[in-house]
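Visitor: fold the following.
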Amino acid sequence: MLNTPAAPPAITVPPPARHAEGVSNDEFRAAMSRLAAGVVLVTAQEPPLDPDDPDAPAGEDVGMTATAFLSVSLDPPLVLVSLREGSRMDELLEEQPVWAVSVLSESQRHIAGRFAMKGRVSDRLLFADIPYQRGEYSDAPLVGGALATLECRTEQRVAAGDHTLVIGRVMTARVPSAEGGPLTYFRGRYRQLG
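Guide: The predicted model follows:
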């Protein structure tokens with residue numbers, strides 16, 4: 001009797017994860033990537049570590065790139081941003097009711113990419129060479145050269161799957177720059193119109 005080596009076990013690739021309704025994560029991502037979206041930078045300032053101690057260090061500025069941002073209502077003026085549940089921004093806006101949004105221009109792709117990085121360095125370093133001014137209402141950074149800036153106060157938080165929808169009342173709205181077009185996100189990449 002010959003000793004023949006056993007054939008190696010066949011490698012099986014698991015089928016794509018499907019939800020009860022039948023669509024897989026990959027199918028959903030592919031379909032939604034065909035929807036062009038504007039790109040914004042959401043910013044907020046962490047509260048001081050000890051608000052009762054005037055000598056305690058101030059809180060750090062935090063920023064996050066978002067493509068799920070939209071106008072909800074004109075009266076009252078409301079906007080909505082979708083945050084990944086448990087993200088730093090989600091946790092911060094759970095305790096910090098004021099925040100800001102800078103609508104990025106096509107020339108600000110580097111800012112969008114910087115604040116979208118996973119496993120990034122501290123936000124303080126990310127803001128280091130970006131021109132910004134502090135919002136008069138939120139004290140959050142408003143990016144210089146943005147097409148528009150808004151300062152918001154959270155009105156409602158809604159759990160939605162693996163995200164939190166934060167609805168904010170717009171307290172200030174400015175159009176500091178009319179130069180250039182908007183930065184958009186389409187098919188997994190930042191793009192320019194035209």
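
Visitor: all contacts plus neighbour counts: C-alpha atoms, from now on.
Guide: Fine.

Visitor: so how far is residue 50 from the residue nearest to the spatial centre of the chain?
Guide: Per Cα atoms, centre = their mean, the C-alpha nearest to the average position across the chain is that of residue 66, at 2.9 Å. Per Cα to Cα, to the nearest Å, residue 66 is found 30 Å from residue 50.

Visitor: with residue 60 instead?
Guide: For residue 60 relative to residue 50 (Cα to Cα), the value is 13 Å.

Visitor: which element is residue 126 on?
Guide: Residue 126 is part of helix 123-127, with elements assigned from DSSP states H and E.

Visitor: residues of the very next helix or strand once past that helix that come out buried?
Guide: Moving toward the C-terminus from helix 123-127, the next helix or strand (DSSP H and E) is strand 132-134. For strand 132-134, a neighbour-count test (16 or more other Cα atoms under 10 Å) marks residue 132 as buried.

Visitor: what lines up beside whatever helix or strand comes next after strand 132-134 in the sheet?
Guide: Per DSSP H and E, the first helix or strand lying C-terminal to strand 132-134 is strand 141-143. Strand pairing for strand 141-143, determined by DSSP bridges: strand 132-134 (antiparallel).

Visitor: give me the contacts around the strand it pairs with.
Guide: 140-144 (Cα atoms under 8 Å, 6 or more residues apart in numbering).

Visitor: residues in contact with stretch 156-169?
Guide: 76-85, 90, 152-155.

Visitor: tell me the one of those residues nearest residue 123?
Guide: Closest approach to residue 123 among the contacts of stretch 156-169 (Cα to Cα): residue 90, at 14.9 Å.

Visitor: now do the SS call for the closest one.
Guide: Using DSSP: H, G, I helix; E, B strand; the rest coil, the three-state assignment for residue 90 comes out as helix.

Visitor: which stretch of helix or strand covers the nearest residue in space to it that is not next to it in sequence?
Guide: Once flanking residues are discounted, residue 90 sits nearest to residue 83: 5.8 Å by Cα to Cα, 6 or more residues apart in numbering. Assessed by DSSP H and E, residue 83 sits inside strand 78-84.

Visitor: list the strands paired with that strand, with their directions.
Guide: strand 69-73 (antiparallel), strand 163-174 (antiparallel).

Visitor: with just CA atoms, put the longest one into PDB.
Guide: Presented in PDB, the C-alpha positions along strand 163-174 are these (Å, rounded to 0.1, in the frame of the first residue of the first chain):
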ATOM      1  CA  HIS A 163     -24.200  55.400  13.300                       C
ATOM      2  CA  THR A 164     -25.700  58.300  15.300                       C
ATOM      3  CA  LEU A 165     -27.600  61.000  13.500                       C
ATOM      4  CA  VAL A 166     -26.900  64.300  15.100                       C
ATOM      5  CA  ILE A 167     -29.400  67.000  14.300                       C
ATOM      6  CA  GLY A 168     -28.200  70.500  15.000                       C
ATOM      7  CA  ARG A 169     -29.800  73.900  15.000                       C
ATOM      8  CA  VAL A 170     -27.700  76.300  13.000                       C
ATOM      9  CA  MET A 171     -26.700  79.300  15.200                       C
ATOM     10  CA  THR A 172     -24.400  81.100  12.700                       C
ATOM     11  CA  ALA A 173     -23.900  80.600   9.000                       C
ATOM     12  CA  ARG A 174     -21.300  82.400   6.900                       C
END
